[in-house]
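> structure, please.
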Amino acid sequence: MCRTIGLGVVLVVALAALVGGAAFAADKTHEGTVVSAVEGKLVMTDKEGKNEHTHMVGTTTKVTLDGKDAKLIELKKGDAVKVTTDPEGTVVAIAATRANG
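Okay, the predicted model is just below:
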């Protein structure tokens, strides 16, 4: 009986560690505006148009424009963009929207 309770405690602790670790390992997103986009490189600002920074973009990164599959080079200056990175900082997804007009 004591052995069963001990095993149960170990399992609960292990599960808590996995769930807690997953929260720290979650992908991160940030939004802003496209400054330029060329093969392998996205330059963007934050939502306020400040803090210009560059992301290196791999060939397997999922890129969408207005909800449809796109290529990075299709993005234009001024497009709104949401960049998702994995816990290591690698860009895994770019979702852009273009204002009409």
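
> ok, then the element right after the longest strand seen in the chain?
Counting by DSSP state E, the longest strand found in the chain is strand 28-38. Scanning forward in sequence from strand 28-38 by DSSP states H and E, the next helix or strand is strand 41-46.

> now do the closest residue in space to A70 that isn't next to it in sequence against A99, distance only.
Nearest non-adjacent residue to A70, counting by CB to CB, 6 or more residues apart in numbering: V63, 5.1 Å away. Yep, even glycine has a C-beta here, placed from its N, CA and C like the rest. V63 sits 18 Å away from A99, going by CB to CB, to the nearest Å.

> so which strand or helix has T84?
Take DSSP H and E as the rule and T84 turns out to sit in strand 80-85.

> quick one: that strand to strand 28-38, angle?
Counting by axes from the mean of the first three to the mean of the last three CA atoms, to 10 degrees, strand 80-85 lies at 120 degrees to strand 28-38.
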